[in-house]
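1. Dropping a prediction and its sequence here:
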Amino acid sequence: MDKIKERVILLYFGILEVDKRLENLQLVKDDLNGIEKRLTAAVQNGISLKSELNNIKVEQINVATQENELSTIRKTLTSQLEVWTHHSLAPSDKLEIPSTTLIDESFNKQLPALAMFGIQKKQISLAQRLDEIARRPKIGAFAQLGYGKPGLNFLKNEFAPYYLVGVRAQWNISSFYDQSHQNKLNALYQSKLQVKEDLVYQQLNTQAIQMQNDIAKLEDTKDMDSEIILLRKQIKETGAVQLENGAITSADYLLKLNDYKESILKLELNQILARKTQYLLKHLKGY
């Protein structure tokens, strides 16, 4: 169950990432379609070369190819998610980025990696308890009836009934010689178990700290990434006018368009990655 939940998280956010890439390509398509119309008019007016228009058309084909590839990847991820969740998804179903989740500071004691230590400690405690019970003296009453010659009075040589009543005590003294050795073994086992538990906690804490740092780093770059997008957009729009007037080549414009596209994609993918890391961190802690 632990691995299934992690797999579902990765598949879900994998689909979200593909969707963002598809949305990003749609923005590029819109820009390319717009610049194609403007360049077509520029070529007809003798302002631009036909080769510049052809370069734009080639890029449109490249974008269409990327769309097809991403759509295939999305279908694959969706099919896998359906298998793991037993829930069908229609092609039109749009997955939403989940809201920020609260993460507990401590680890859940029921986390499989930690729960086994609790079980083993209980087993040691139970074994010690059974050892203590086994070392206790066993006391019991007994009664015996009989008829014999002689009876209990050996001075009378005749048949007579008799009975015996008493208390019997059994005490395995040899167990006390083993007690010290067994206690040392139990203490050694408990010590080794505690070392292993501390090591697992240390490993989990190291992972958790790294994930928390990753989330903080992604959140810290959000404002700068947004500012870069605005600047790249202005550069791209200026480049479109320059291309239309023949001041730059289509290759120069495509570089500016690609920079703009990548700046948007970086911000959006970082937001998805930050949210995915939050949910993986929550899962790591057993919640």
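-> Structure's in. What do you need? Numbers count the residues shown, from 1 in each chain.

2. quick one: I73 from Q80, how far?
-> 11 Å (C-beta to C-beta, to the nearest Å). Where C-beta positions appear, they are placed from N, C-alpha and C, glycine not excepted.

3. so where is the protein shaky, pLDDT-wise?
-> The model of the chain has pLDDT under 70 over residues 1, 130-181.

4. What are the boundaries of the helices in it?
-> Ranges of helices in the chain, per DSSP state H, are 2-44, 50-85, 112-135, 174-220, 222-244, 250-284.

5. Pull the distance from the fourth one to the chain's centre.
-> Helix 174-220 has its C-alpha centroid displaced from the chain centroid by 21 Å (C-alpha atoms, centre = their mean, to the nearest Å).

6. what do you get for the last one?
-> Once both centres are worked out by C-alpha atoms, centre = their mean, helix 250-284 turns out to sit 21 Å from its chain's centre.

7. Return the backbone torsion pair for S106.
-> Note on S106: backbone dihedrals following degrees, to the nearest 10 are phi -100, psi 170.

8. these two touch, right, it and K285?
-> Yes - counting by C-beta atoms under 8 Å, K285 is a contact partner of S106 at 7.4 Å.

9. and those two? which has more neighbours close in?
-> K285 (18 against 8; other C-beta atoms under 10 Å).

10. Could you report the separation of that one from L16?
-> For K285, the distance to L16 - C-beta to C-beta - is 22 Å.

11. again with I56
-> 30 Å.

12. again, but for N33
-> Distance from N33 to L16, by C-beta to C-beta: 26 Å.

13. The two - which one has more neighbours?
-> Between N33 and L16, L16 has the larger neighbour count (other C-beta under 10 Å), namely 23 against 11.

14. Nearest spatial neighbour of the more buried one, chain-adjacent residues omitted?
-> Distance criterion C-beta to C-beta, 6 or more residues apart in numbering; nearest residue to L16, sequence neighbours excluded, is I272 at 5.2 Å.

15. ok, now G34?
-> Per C-beta to C-beta, 6+ apart, closest to G34 is A240, 7.7 Å.

16. what's the burial count for the one you found?
-> The number of residues packed near A240 is 18, by other C-beta under 10 Å.

17. want to try CSV for the helices of the chain, with distance to S92 as columns?
-> Below are the helices of the chain laid out as CSV (distance: least, C-beta to C-beta, whole Å):
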stretch, distance to S92
helix 2-44, 12
helix 50-85, 11
helix 112-135, 37
helix 174-220, 30
helix 222-244, 29
helix 250-284, 21
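
18. Go through those helices and name the closest to E96.
-> helix 2-44 (8.3 Å; C-beta to C-beta).

19. what packs against the closest one?
-> Helices and strands touching helix 2-44, by 3 or more C-beta pairs under 8 Å, 6 or more residues apart in numbering; DSSP states H and E, are helix 50-85, helix 222-244, helix 250-284.

20. how big is the angle separating that helix from helix 112-135?
-> 180 degrees (axes from the mean of the first three to the mean of the last three C-alpha atoms, to 10 degrees).
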